[in-house]
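Visitor: A structural model of the following input is requested.
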Amino acid sequence: MLMKTNLLPDRILLSEQRSLTVSIIGAGYVGLVSGACLAALGHDVVCIDSSPERVAELNCGRVPIFEPGLDELVRANVAAGRLSFSTEVAHVASGPRMVMLAVGTPSRCDGRAALDQLLAAVRDISPTLCEGTVIVTKSTVPIGTGDQIAALLQQLRPDIAVSVASNPEFLREGFAIEDFSNPDRIIIGVEDEVAKEALMRLYEGMTRGGAPLLVMNRRTAELTKYVANSFLAVKVGFINEIADLCEKVGANVDEVAFGIGYDHRIGPTFLNAGPGFGGSCFPKDCRALINTANDHGGTLPIIEQVIHANDARKHNIARKVQAQLGGSVRGATIAILGLAFKANTDDMRESPAVDIINALEYWGANIRAYDPAAIVHARRLLAPTVTYADTVYDCACGADAAVIVTDWPEFKAIDLKRMQSVMRRPNLVDLRNVFQPQKVRELGFVYDSVGRL
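Guide: Predicted structure coming up:
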């Protein structure tokens with residue numbers, strides 16, 4: 001079994017790492033996590049962001065992103081002098097031989113990734129580049145983006161030779177530091193030995209500890225990122241369809257998933273039935289991959305169907321709540337427990353909670369919501385008619401039904417007797433299969449879950 005390196009500040013293998021000076025363009029989720037972890041590995045990192053407010057927060061020790069352990073890691077490496085923040089692209093000229101691009105590539109209306117920010121960043125840094133600089137794309141980008149960057153740099157800076165490489169990230173929100181420090185694999189896509197040597201040096205403290213490093217060409221690396229997320233989305237979509245079948249035939253989807261997960265060809269991960277996938281990766285990357293196939297005269301019908309099924313599921317899952325209340329939610333108060341698309345993040349992008357709440361409100365329900373981290377974002381995304389609570393029990397007070405939408409660990413510790421005592425009607429819809437049906441029903445709840453009777 002491969003040994004893996006832990007990047008917590010007191011366990012860095014600094015003696016095995018030759019440091020590099022790295023500029024990261026973009027101090028958002030990917031840029032900030034990557035910057036903090038690379039600094040923890042012993043490199044000198046400056047994160048450059050166009051937002052003066054974000055940079056000011058970071059320089060004051062405040063991390064504007066909810067990610068477990070990130071604030072501690074940032075502060076430790078700032079204090080050690082390995083991590084700094086700036087709005088000035090001129091810092092790229094202060095000696096870095098590597099520049100990472102970690103700006104946003106959001107979906108356009110047609111589902112394709114928007115590269116405006118990425119190409120603008122390339123234009124901004126081009127005057128500061130020197131001979132031999134390695135430009136590394138960390139952002140998730142369409143296949144061929146590296147070629148586009150290389151052509152743009154050739155146009156802007158024909159006087160120097162620079163390398164363009166791909167180094168896709170595979171970070172799960174809520175577990176990003178663990179994923180960076182204990183990677184299943186590190187992928188680098190390169191077209192020359194200069195980029196290959198620089199990226200191998202960047203990660204040598206981890207590869208000496210056993211982290212697998214895969215070297216491939218640039219286009220293959222770009223495609224691998226999309227394919228990885230799309231395959232995981234297929235697994236989620238598949239088990240959700242099986243959950244619906246389980247409800248019809250009287251089977252238990254948790255046990256089905258457990259049974260097939262023992263097969264090493266399938267594996268146990270991403271087989272948790274629920275209300276559908278969301279977040280910034282799966283939906284966006286699936287759509288981008290579909291468009292890539294279309295642009296090259298092909299189709300990806302399996303992935304297309306997964307996207308369609310997932311979009312429909314988020315709306316249809318609200319029917320569970322409606323059925324729980326006898327077919328109508330008009331005038332009922334519904335307690336929504338969890339707003340983020342998954343636990344340990346405040347990210348609400350394409351969260352199932354948004355579609356569920358919108359449907360319930362459209363049908364006439366009154367919504368009260370609680371989430372440990374995402375309420376600030378929820379206020380911007382949801383209708384002003386939604387009210388918010390500070391605790392699970394405040395949220396459930398006087399409710400006709402409670403709906404668990406996000407798998408926050410604290411929901412597993414809910415005192416069900418206490419929650420039932422404050423509810424108007426004891427209806428519980430568990431969309432994350434947090435509780436065992438028999439136990440909950442013995443407490444007097446009218447209980448429904450996903451793929452279980």
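
Visitor: When you work out contacts or count neighbours from here on, use the C-alpha atoms and nothing else.
Guide: Will do.

Visitor: What residues sit buried inside stretch 284-294?
Guide: Neighbour-count burial for stretch 284-294 flags 284-292 (criterion: 16 or more other CA atoms under 10 Å).

Visitor: ok, now stretch 252-261?
Guide: Judged by neighbour count using 16+ other CA under 10 Å, the buried positions of stretch 252-261 are 252-254, 256-257, 261.

Visitor: Out of those residues, which sit inside helices?
Guide: For these, membership in helices holds for 253-254, 256-257, 261, with DSSP state H as the criterion.

Visitor: Figure out how far stretch 282-296 is from the centre of its chain.
Guide: Centre-to-centre, stretch 282-296 and its host chain are 18 Å apart (CA atoms, centre = their mean, to the nearest Å).

Visitor: again, but for stretch 27-40
Guide: Worked out by CA atoms, centre = their mean, stretch 27-40 lies 14 Å from the chain centre.

Visitor: again with stretch 249-260
Guide: 27 Å.

Visitor: neighbouring contacts of that stretch?
Guide: With CA atoms under 8 Å, 6 or more residues apart in numbering as the contact definition, stretch 249-260 has outside contacts at 239, 242-243, 246, 266-268, 271-273, 450-453.

Visitor: Strands along the stretch 51-200 of the chain, start to end?
Guide: 83-86, 98-101, 134-137, 163-166, 186-189 (DSSP state E, counting those that start in this stretch).

Visitor: want to throw these into JSON lines with mean pLDDT?
Guide: Converted to JSON lines, those look like this (pLDDT from 0 to 100):
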{"stretch": "strand 83-86", "mean pLDDT": "94"}
{"stretch": "strand 98-101", "mean pLDDT": "96"}
{"stretch": "strand 134-137", "mean pLDDT": "97"}
{"stretch": "strand 163-166", "mean pLDDT": "98"}
{"stretch": "strand 186-189", "mean pLDDT": "98"}
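
Visitor: want to throw the ones you listed into JSON lines with distance to residue 341 and mean neighbour count?
Guide: Compiled in JSON lines, those are given as follows (distance: least, CA to CA, whole Å; neighbours: other CA atoms under 10 Å):
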{"stretch": "strand 83-86", "distance to residue 341": "29", "mean neighbour count": "23"}
{"stretch": "strand 98-101", "distance to residue 341": "26", "mean neighbour count": "26"}
{"stretch": "strand 134-137", "distance to residue 341": "26", "mean neighbour count": "25"}
{"stretch": "strand 163-166", "distance to residue 341": "28", "mean neighbour count": "27"}
{"stretch": "strand 186-189", "distance to residue 341": "26", "mean neighbour count": "24"}
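
Visitor: residue closest to the middle of the protein?
Guide: With distances taken as CA atoms, centre = their mean, the chain has residue 173 as the residue nearest its mean C-alpha position (4.1 Å).

Visitor: circling back: which of the buried residues of stretch 284-294 lies closest to residue 205?
Guide: Taking CA to CA as the measure, residue 285 is the one of the buried residues of stretch 284-294 closest to residue 205, at 30.2 Å.

Visitor: who touches the nearest residue to residue 330 once chain neighbours are set aside in this structure?
Guide: Leaving aside its sequence neighbours, residue 330 sits nearest to residue 364 (CA to CA, 6 or more residues apart in numbering; 4.2 Å). When the contact criterion is CA under 8 Å, 6+ apart, the partners of residue 364 are 329-332.

Visitor: Mark which of those are buried, thanks.
Guide: 329, 332.

Visitor: Could you dump the contacts of residue 364 into TSV and include pLDDT, secondary structure and distance to residue 428?
Guide: What follows is the contacts of residue 364, written out as TSV (pLDDT from 0 to 100; DSSP: H, G, I helix; E, B strand; the rest coil; distance: CA to CA, whole Å):
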residue	pLDDT	secondary structure	distance to residue 428
329	97	coil	14
330	98	coil	17
331	97	coil	17
332	98	coil	14
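
Visitor: Throw the contacts of residue 364 into JSON lines and include distance to residue 92, thanks.
Guide: Below are these laid out as JSON lines (distance: CA to CA, whole Å):
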{"residue": "329", "distance to residue 92": "57"}
{"residue": "330", "distance to residue 92": "58"}
{"residue": "331", "distance to residue 92": "58"}
{"residue": "332", "distance to residue 92": "57"}
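
Visitor: can you list the weak-confidence ranges in this structure?
Guide: Low-confidence regions of the chain, defined here as pLDDT under 70, cover residues 1-17, 91, 93-96.

Visitor: hmm, who's touching stretch 392-402?
Guide: By CA under 8 Å, 6+ apart, the surrounding residues in contact with stretch 392-402 are 321, 325, 332-337, 368-370, 388-389, 414, 418-419, 422-429.

Visitor: repeat that with 6 Å
Guide: Applying CA atoms under 6 Å, 6 or more residues apart in numbering, the set of residues contacting stretch 392-402 from outside is 332-335, 368, 389, 419, 422-425, 427-428.

Visitor: Neighbour-wise, which one of the residues you listed leads?
Guide: Ranked by neighbour count (other CA atoms under 10 Å), these have residue 335 at the top, with 29 neighbours.

Visitor: Apart from its chain neighbours, what residue comes closest to that residue?
Guide: Here the residue nearest residue 335, using CA to CA, 6+ apart, is residue 402, at 4.5 Å.

Visitor: Name every strand pairing with the helix or strand the one you found falls within and say which way it goes.
Guide: Following DSSP states H and E, one finds residue 402 within strand 401-404. Applying DSSP bridges, strand 401-404 is found paired with strand 333-337 (parallel), strand 427-430 (parallel).

Visitor: how's the protein carved up into domains?
Guide: The record, using automatic domain parsing to delimit domains, assigns the chain the ranges 9-216, 227-313, 317-448.

Visitor: got a list of contacts for the helix or strand containing residue 37?
Guide: With elements delineated by DSSP H and E, residue 37 resides in helix 29-40, which encompasses its position. By CA under 6 Å, 6+ apart, the surrounding residues in contact with helix 29-40 are 9, 45, 74, 82-83, 102.

Visitor: Report the two of the residues you listed separated the most.
Guide: Based on CA to CA, the longest span within the contacts of helix 29-40 runs between 9 and 102 and measures 22.9 Å.

Visitor: Looking at the two, which is more packed in?
Guide: Under the criterion of other CA under 10 Å, the comparison of residue 9 against residue 102 puts residue 102 first, with 30 against 18.

Visitor: From residue 169, how far out is the more buried one?
Guide: Distance, residue 102 to residue 169, by CA to CA, to the nearest Å: 10 Å.

Visitor: about what we covered before: can I get the helix holding residue 37 in PDB, CA atoms only?
Guide: Listed in PDB are the C-alpha atoms of helix 29-40, where the atom choice follows Å, rounded to 0.1, in the frame of the first residue of the first chain:
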ATOM      1  CA  TYR A  29     -11.600  28.200  -3.300                       C
ATOM      2  CA  VAL A  30      -9.100  26.300  -5.500                       C
ATOM      3  CA  GLY A  31      -6.400  29.000  -5.400                       C
ATOM      4  CA  LEU A  32      -6.500  29.600  -1.700                       C
ATOM      5  CA  VAL A  33      -6.500  25.900  -0.800                       C
ATOM      6  CA  SER A  34      -3.800  25.100  -3.200                       C
ATOM      7  CA  GLY A  35      -1.700  28.100  -2.100                       C
ATOM      8  CA  ALA A  36      -2.000  27.200   1.600                       C
ATOM      9  CA  CYS A  37      -1.100  23.600   1.000                       C
ATOM     10  CA  LEU A  38       1.800  24.300  -1.300                       C
ATOM     11  CA  ALA A  39       3.100  26.800   1.300                       C
ATOM     12  CA  ALA A  40       2.700  24.100   3.900                       C
END
